[in-house]
Every structure is written in C-alpha cells, then in structure tokens.
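Participant: After the sequence you'll find the predicted model.
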Amino acid sequence: MSEFQTRVLELVSIVPRGKVTTYKELAWAAGRPRAYRAMANALAKNPCPIKIPCHRVVRSDGKIGGYKLGMRQKVKLLVAEGIEIKGGKVDLARYLFRY
DNA sequence: CCTGGGGCAGCCG
DNA sequence: ACGGCTGCCCCAG
C-alpha cells in the first residue's frame, strides 16, 4: 500500500459523523491537487466497507458520486448520520468538513 | 444541460 | 522496467 493511499484513507477516517468531504478537497489534503481521479480509484479498491467511511466523500458539486457497494447504500449511510439529501445532492455549505 | 479533454496513481500484460 | 488502460472526477466551453 502506497504512501498516497494510506494518506487518503487516513484523511477520510478523520471526517466526523454528520460531515462530508469532496474528492477535490481530499486530493488537496493528500498533497495531490490534481490527482482526484487517481485518488477516487484508490478509494474504490480499498476495504472501504467497515474500516474507512468513504461514503462521506461526495463530488464537489454536492452530488453523491459513486460507491463500490452501490450509491443506494451510500445514501442510506449518509442519511443515517443525519445528513439531508435533497435533489440527489448534499448541502456542502452546511455539511462540508474543512481540513 | 451535455460534452470533451485533462490528469494521475494502480494494476496488468 | 515500460506502456496502456481504467476510474466513486473536474471544469471550461
């Protein structure tokens, strides 16, 4: 597992319940501003399920984005944490976690 | 609203 | 080691 990957996982895991982060922000925090795509790819292959809450990562326009286990599950998890989703989007102004 | 092109770590042959 | 392909994307047009 690379430095990059562990860094990303680490960052995702510190996002508190009820908050979300975006792929872009995450890439920034990981020190690779433009590697968002590669980063998303890393999230997809990881043991996301129980270990890392990668469902707290949404797209920078507020849309949910993809999820290895299906975005149905992703939405459920988010809602369960008290995040309201309207029009298939989350209100970043309210739920975005700033590093 | 949709579209295309950019960008980059990982994985595989 | 080397090149090509692939994605839980982003943004300008």
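Facilitator: That came through fine.

Participant: Nearest to DNA strand C: which residue in chain A?
Facilitator: DNA strand C sits closest to A:Gly66 of chain A, with a gap of 2.2 Å, by C-beta to the nearest atom of the strand. The way it works is simple: take the backbone N, C-alpha and C, and place the C-beta from them, glycine included.

Participant: and A:Gln73, how many residues sit next to it?
Facilitator: 13 (other C-beta atoms under 10 Å).

Participant: What helix or strand is it located in?
Facilitator: helix A:71-80 (DSSP states H and E).

Participant: got a list of contacts for that helix?
Facilitator: With C-beta atoms under 8 Å, 6 or more residues apart in numbering as the test, helix A:71-80 has contacts from A:20, A:53, A:55-56, A:64-65, A:67, A:85, A:90.

Participant: So what pairs up with the residue nearest the centre of chain A in the strands?
Facilitator: What sits nearest the mean C-alpha location of chain A, by C-alpha atoms, centre = their mean, is A:Val57, with 1.3 Å. Under DSSP bridges, the beta-bridge partners of A:Val57 are A:Thr21.

Participant: how near is it to A:Phe4?
Facilitator: Here A:Val57 is placed at a distance of 15 Å from A:Phe4 (C-beta to C-beta, to the nearest Å).

Participant: A:Lys74 too?
Facilitator: Distance from A:Lys74 to A:Phe4, by C-beta to C-beta: 23 Å.

Participant: Before I go, just wanted to say thanks for your time.
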